[in-house]
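Undergrad: I'll drop the sequence and a predicted model, then ask my questions.
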Amino acid sequence: MLHIFICPKCFNYRIVSRKPDAICFHCGATLHKSDIDYVEYIDMNEQERKKYKDKFINRMKMFKEKVEDMITEQEVK
């Protein structure tokens, strides 16, 4: 079965078949397994893929901000 992974660092897609985890060929980061499957991905047009990627980027930014806020709060205490 093919899986769609996306890089949390440079946001490139990678299609992987037999590995439960994968590394980005562009930046070397550990990839995040996408919640879309291969058939859904190939049925998407370029605009839909961009929209999915943009939503992923926004989730990663919000997560990063939340983690940074938690770390800052701990440093203050």
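TA: Cool, the structure landed. Here the structure is a predicted model, which is why all the values come from computation and not from measurement. Numbers count the residues shown, from 1 in each chain.
Undergrad: Surely residue 9 touches residue 23?
TA: No: the pair residue 9 / residue 23 is not scored as a contact, 11.0 Å apart, by CB atoms under 8 Å. For glycine as for every other residue, the C-beta is placed from the backbone atoms N, C-alpha and C.
Undergrad: What helices and strands are in contact with the lengthiest helix in the chain?
TA: With secondary structure taken from DSSP state H, the chain has its longest helix at helix 46-76. Contacts defined by 3 or more CB pairs under 8 Å, 6 or more residues apart in numbering; DSSP states H and E place helix 46-76 against strand 32-37.
Undergrad: Mind listing the strands the strand it packs on pairs with, and their directions?
TA: strand 3-6 (antiparallel) (DSSP bridges).
Undergrad: Please state the offset of the strand it pairs with from the chain centre?
TA: Chain-centre distance of strand 3-6: 8 Å, with CA atoms, centre = their mean, to the nearest Å.
Undergrad: list the buried ones in stretch 65-77?
TA: In terms of neighbour count (16 or more other CB atoms under 10 Å), stretch 65-77 has no buried residues at all.
Undergrad: Compute the inter-axis angle for the longest helix of the chain and strand 32-37.
TA: Helix 46-76 runs at 140 degrees relative to strand 32-37, counting by axes from the mean of the first three to the mean of the last three CA atoms, to 10 degrees.
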